[in-house]
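J.: Sharing a model that was predicted from the sequence below.
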Amino acid sequence: MSLEETATEKQTLAGWVLILLGLALVMFPIFWILSTSLKSIGEWVTYPPIFIPERLAVENYLSIFTGGALGGGFVARVPNVTKSVIDSAICSVGGTAISIIVGLLAAFGIARHRIGGEFFPIFLLSARMAPPIVAAIPLLILYSIIGLVDTHIGLIIAYACFTLPYSTWMIASFIEEIPRDLEDAAQVDGMSTLETHFKVTLPLIKGGIAATALFIFILNWSEFLLALTLTHEKVLTIPVQIKAFFTYSGQLYGPQSAFGVIAIIPLIAFSLIIQRHLVRGLTFGAIKG
Amino acid sequence: MASVRFENVSKSFGDKGVLQNLSFEVKDKEFFCILGPPGAGKTTTLKLIAGLEKADEGDIYIDGQRVNDLPPRHRDVSMQFESLTLFPNKNGYENIAFPLRIKGRPESEIRESVLRVARLLRIEHILDREPRTFSGGERQRVALARAIVRRPRVILLDEPLSNIDALLRLNMRVELKRLAREIGQTIIFSTHDQAEAMSMAQRILVLYEGRAHQIGAPEELYNRPVDTIVAKMIGSPPMNLVECLYSDGKLSSNTFIINVDKYTEYLARATSNEIILGFRPEDLKLLEEPPRENAAKVKIFSYEPLGAKTLVKVTTEEGEILDVIGEPWVRYEMNKEMWLSFDLDKIHLFDKKTKTILV
Amino acid sequence: MTRSKSLREKFLEFSETASGRFLILHGPIYVILFLILLFPFLLEIFLSFSDWEPGSGEWWFAHFNYGLGFSRIFGNFRLWRSVGITFLIAGIAVGVELVLGLIGAVLFSRSFKGKRGLTALFLVPMFFMPVVVAYNFWMMFQPTGPINFIIGKMIGRNIVYPWLSRSGSAFAALIITDIWQWTPFMFLILNAGMLSLPQNPIDAAKVLGASEWQIFRYIKLPMLKNIIIIALVIRFMEALKLFDAPIILTGGGPGFATETLSIYTYIVSIQTGRLGYGSSIAMVLLILILLIISPAVRPILRRG
Amino acid sequence: MTEIKLIKLRKEFNSLVAVNDLTLTIDDGALISLLGPSGCGKTTTLRMIAGLTSPTSGEIYFDDKLVNDLRPQERNVGLVFQDYAIFPNMNAFDNIAFGLKIRGLSKEEVKKKVLEVAELLNIKAILNVMPRKMSLSEMQSVALARTLVTNPSVLLLDEPLSNLDAALRARMRAELKRLQREIGQTVIYVTHDQLEAIAISDKIAVMNLGILHQYDTPEAIYNKPKTKFVAGFIGSPPMNFIECTFIEEDGGLLDLGVARINVSEYKDVIKRECSSAEVTLGVRPEDIRINHRRMSENSVEVRVEAYEPLGSEAVIDTELGGVLVRITAPITFTVKAGDKAYIEFDRRKIHIIDRKTERVVI
């Protein structure tokens, strides 16, 4: 730490005050949803609001999976959310897999052979710029013609397509970090171009692809509009279930918060794992964290 | 083993012409060097032989077989890249064994040839370590082992010694030369360092701006450079070139006059009387008093002791700066007037227009 | 020596040719993009010249309206108000997020104990599902919710202000929710940018006598310009798509106060099923967005 | 300008001792170079003098004023980085003017001074060029100008010439030397290139692994090295080292196993200074003569390993009892690998090194 690093006391103190203030503003909502998810019925709507529940109402978490009635004399039908968790998993994983595989192939094309030249990258980016609703309408029309509305496959393909710009660009930026000489040397030693891509460069960017996959999964898991538009009953993802839960019963604060907490657990977990590559993902590989 | 022949091969990237009808031949088992400044097209030439680049015009033959359309994997050529990139996820042994694994050789044969090459390059002790733990020299030798392990027809080394530090480079030159003699295969290496080329290669191709200026043994390039480009490139510090006018047996620039009647029949072949006089710093003597003739009056501009000798820069009256090799550790007085005497058997004369050599 | 080429060898040879390589590497992506984006997009262009509704049973050309739909759009006050609302929300929210993100990046540019853990904590909001964030803030903005309670504590008297049912405060609530969730995005990118600045020019400025502020103002900030533009462009484009949060938090209300672009289009084309008209709106929106965004895409393309 | 004294300067990065109790006096107006292999602590020393890195212990004095606690801004030091550290977002003029602007000089003064220094380093033509479009040597000159314009009390250069090509480097060296003589600037020059250090500096401090081996004029460093490291590091091709034992027979001999060399004239110095009879003979390639036939009874027979013609001279590698001995001979002497030859050491130029302490005795 050079002399300059140890700034004057005043600056460091002010710095820490700002950081703690920021932390409080960030943490309070998280605390609020967690505490509400553990409040029993009486504590949901009170004035002044209750911050720490007396008893940890674990039944809120259990009721949303059993779909049973809530105790405490107030009988209410709590919707069963297990189907939405399963559907979300299927569609997110399926969408991510296709997006990664197709994205990987395209990334090699862009990074190593400049296929598509200048036009393709611009098209890929602008496909991502337009608000999803603008693309959802024609998709709904197409799906209604070929009978893919309200099907897992339909949503999976939509998810794959909408995250392709991210997966292609992120993987391409990982490929560009591997020197071309490695592939050239392997080619001179007896491999064809394609083999050098998959046997030489691919093993070296395994970590990057895993991070990209997690990043795409996070996008698909929390996607709402496409699911709302392209599915009705047979397929029900978590965000759509939350909206239904909210409009249907509105006042079931406890179970609804519990469902919210459960929905974000995988997101937080995956985000911690890929934190290093986050910047690259969010900026289409333009900035490497 | 194989010979390599280029017949007026041209190559350009977009509008930048990198190679212009380049023709040369490398004999079988020869240790051949392509010498040229950065950007002269050395790497492109090697990539053309390896098949990583396609020639726009002209033909490339390996062992008499035209290979222009053959993909790299069918040419049985190996190449070591300047960046010495190794597979970061494989240890030393796997890096060297890689070419044999692709060819699907049996495990026993792979083991035997990798150990043979490792002994040859004295790197048995690092075979089980990861590339990131290698020193510069070790990295260079593993890359070299990888290039020679499968006994390809031709071995290509792109600036093999440029990425290792100076002290190691001198030893590696001797080792590379010993290795070439021992494995007796056709090796073509590129470099921008004329000392490297002169000390290692049996024959050198001087490449400048995509054109072959001269092909020959080191002594030939040093003593009989074909033009000013080669003269300037070979020898360090480089040859001095001074423009003069030739008239009836005398070469004169406005600061000195030399009688060159012994070269009159060569000078007759010049396209005009404008001649370029070339003389090497080591062939000059700095004298206190003016010798009888063939000398120039100069002033000391600067001097740099180089240990075993001193590089002195002198300026002629016109302000032209010339290099001279002086005695080691002598303190030259700034702007002191001295005399530069020429050794007439060691001068070179070039035709100013065509830049080609006369003597 | 013509040996019978194995299938593998033929495939490899095919992959060496330019067209072969194109087909193998870019074939799949073109198929998907064509199937999901281009073809429906063409379909939409036709539909935007009709008032077709899936329920009507006839084919779309039965409702051909010679582009009447488009004329209606230009007169559609509710649509243009939603465009205004969306740009206003996006503008204010992204602006505040940039300032807060920059402050965070400066604070975190110097290394101190526990920095990695703190950074991870600050990034958490970004990974919440937007609908969950909206529901959470819906609870907090309730009249008897904690926000009123805390503000009441600060100004000394209890208040029970109905945030979500007044258009002004609903608008503010939506912006606060967006700021809470997406400031970490700005912080992450600007912090990464700040840390990736070359250290030598900064040391050089120190040696030349520049103070901490002068170094930030004249050296660090200009070098960050590119990264700031990229972060702003990406964040602004995402903000324009605002749908998940408002539909839960305010449902576009009270009245139409927080009805963003996406919500209005969704209501028209999906909820009320007027797909023909919805398509025309979608077409206009797309052209509008691309006109504004495409000049901004260039910095990203220049790879940061 | 300023005289700089370093007293027992030390810097430890957790377990690694980067600079080990360095004591050095850099006299006013001199051009001193810190020479050593990469990682020997020379750049860390430079950064401590500039104040960018705080020393673990030891003092730094500028003209007898302790500066340890002064921040870089307050030391009026000029530092040019190896990668020049040009401000990418400013053109050449603003880069050079930066130091002056933050000192609050008026616009005209800034303009006058910038033009002055641009004239000195003849970069007036590129004053409005952006760094992206500058060549390496232009960037180097702008970095130098930016530092000089604030007329620092001491100029610190961190290998500024290392990424220029040979011709440009020679020109830049001459320029630096002329500049240093004209304005009497105290300059500390960090480099790993021993030829550069010899060519440019008044005195050289040879460092290795954080320790100062020798601090003397280039000629003394070259001809009278103090330690084996200095002898081996300076000179290209490097000095040959042959391990041998000193025996008393007929006036003092060095026994190399396959041959013996008479060193009677150094007998008493060896006996007094050396800790044991185990010594190392150090000879520079240019101080050995080689011939096809035996020249005198002191000639030693060797087998030629390799012959490297280098234009005016040739480097010949020979094997003497399993040890590689390298000789530089005029181009006129030709020999092939495998031949037998005879070599003779120039007794006036040999060095005898105590093998245990690695101190050069003669």
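T.: Nice, thanks for sending it over. Quick caveat: nothing in here was measured; it's all calculated off a predicted structure.
J.: How many residues are close by the closest residue to residue C:130 other than its chain neighbours?
T.: Spatial nearest neighbour of residue C:130, excluding adjacent residues (C-beta to C-beta, 6 or more residues apart in numbering or on different chains): residue C:244 at 3.6 Å. The C-beta positions use only the backbone N, C-alpha and C, and glycine is treated the same way. As a burial measure, residue C:244 scores 24 neighbours (other C-beta atoms under 10 Å in any protein chain shown).
J.: right, and residue C:244 touches residue A:238 too?
T.: No - in this structure, residue C:244 is not within contact of residue A:238 by C-beta atoms under 8 Å, at 11.9 Å.
J.: What's the end-to-end length of stretch B:73-93?
T.: Taking C-alpha to C-alpha, to the nearest Å, the first and last residues of stretch B:73-93 lie 22 Å apart.
J.: Mind listing what's buried along that stretch?
T.: Buried positions in stretch B:73-93, judged by neighbour count with 16 or more other C-beta atoms under 10 Å in any protein chain shown: B:73, B:75-87, B:91-93.
J.: if you look at that stretch, does any of it touch chain D?
T.: No - taking C-beta under 8 Å from any C-beta of the partner chain as the criterion, stretch B:73-93 and chain D are apart, separated by no less than 15.8 Å.
J.: tell me the secondary structure for residue D:307?
T.: At residue D:307 the chain is in strand, as set by DSSP: H, G, I helix; E, B strand; the rest coil.
J.: can you check residue B:83 too?
T.: Relying on three-state DSSP, one would call residue B:83 coil.
J.: Next, give phi and psi for it.
T.: Residue B:83 adopts backbone torsions of phi -80, psi 0, taken as degrees, to the nearest 10.
J.: neighbours of residue B:151, just the number please.
T.: 13.
J.: circling back to that earlier point, so which of the buried residues of stretch B:73-93 sit within helices?
T.: The members of those that map onto helices under DSSP state H are B:92, B:93.
J.: pLDDT at the nearest residue to residue B:208 once chain neighbours are set aside, what is it?
T.: Nearest non-adjacent residue to residue B:208, counting by C-beta to C-beta, 6+ apart: residue B:229, 5.1 Å away. You'll see residue B:229 listed with a pLDDT of 88.
J.: Buried residues in the longest helix anywhere in chain C, which are they?
T.: For chain C, the helix with the greatest residue count under DSSP H is helix C:77-107. Judged by neighbour count using 16+ other C-beta under 10 Å, the buried positions of helix C:77-107 are C:79, C:82-83, C:85-87, C:89-90, C:92-94, C:96-98, C:100-107.
J.: Pull out whichever of those residues are also neighbours of chain A.
T.: Among the buried residues of helix C:77-107, proximity to chain A is found for C:100, C:103, C:104, C:107 (C-beta under 8 Å from any C-beta).
J.: And for the closest residue in space to residue D:138 that isn't next to it in sequence, the neighbour number?
T.: Leaving aside its sequence neighbours, residue D:138 sits nearest to residue D:126 (C-beta to C-beta, 6+ apart; 5.4 Å). As a burial measure, residue D:126 scores 19 neighbours (other C-beta under 10 Å).
J.: any idea how far residue D:126 is from chain B?
T.: Per C-beta to the nearest C-beta, to the nearest Å, residue D:126 is found 22 Å from chain B.
J.: is it true that that residue touches residue D:92?
T.: Yes - here residue D:126 reaches residue D:92: they are 5.3 Å apart, a contact under C-beta under 8 Å.
J.: Now for the two: what residues contact both?
T.: Any residue near both residue D:126 and residue D:92 by C-beta atoms under 8 Å, 6 or more residues apart in numbering or on different chains counts here, and that gives D:134, D:138, D:142.
J.: quick one: the last one and residue D:157, what's the gap?
T.: As for residue D:142, its distance to residue D:157 is 14 Å (criterion: C-beta to C-beta, to the nearest Å).
J.: And residue B:346, by the same measure?
T.: Distance of residue B:346 to residue D:157, given as C-beta to C-beta: 39 Å.
J.: Look at these two and report which has more neighbours.
T.: Between residue B:346 and residue D:157, counted using other C-beta under 10 Å, residue D:157 has the larger neighbour count: 26 against 13.
J.: Does whatever helix or strand the more buried one lives in reach chain A?
T.: Assigned by DSSP states H and E, residue D:157 falls within strand D:154-158. No - judged by C-beta under 8 Å from any C-beta, strand D:154-158 makes no contact with chain A; its nearest approach is 14.7 Å.
J.: What are the contacting residues of the helix or strand that that strand is followed by?
T.: Next helix or strand after strand D:154-158 toward the C-terminus (DSSP H and E): helix D:166-183. With contacts defined as C-beta under 8 Å, 6+ apart, helix D:166-183 is touched by B:236, B:302, B:304, B:313, D:31, D:120-121, D:136-137, D:140, D:148, D:151, D:157, D:160-161, D:164, D:185, D:187, D:189, D:196, D:199-200.
J.: quick one: helix D:166-183 to chain centroid distance?
T.: 16 Å (C-alpha atoms, centre = their mean, to the nearest Å).
J.: ok, now stretch A:261-274?
T.: Counting by C-alpha atoms, centre = their mean, stretch A:261-274 comes out at 9 Å from the chain centroid.
J.: for stretch A:34-45, same thing?
T.: Worked out by C-alpha atoms, centre = their mean, stretch A:34-45 lies 27 Å from the chain centre.
J.: State the mean pLDDT of it.
T.: 87.
J.: In it, which residues are buried?
T.: Using 16+ other C-beta under 10 Å as the burial criterion, the residues of stretch A:34-45 that qualify are A:35, A:36, A:37, A:38, A:39, A:40, A:41, A:43, A:44, A:45.
J.: how close does the residue of the stretch 201-350 of chain D found nearest chain A get to residue D:194?
T.: As assessed by C-beta to the nearest C-beta, chain A sits closest to residue D:210 within the stretch 201-350 of chain D, at 18.5 Å. Residue D:210 is 18 Å from residue D:194, where distance means C-beta to C-beta.
J.: Who has more neighbours out of those two?
T.: Taking neighbours as other C-beta under 10 Å, residue D:210 and residue D:194 compare with residue D:194 leading, 26 against 23.
J.: What is the neighbour count of the nearest residue to that one once chain neighbours are set aside?
T.: In space, and not counting its chain neighbours, residue D:194 is closest to residue D:234: 5.0 Å by C-beta to C-beta, 6+ apart. For residue D:234, the neighbour count with other C-beta under 10 Å is 24.
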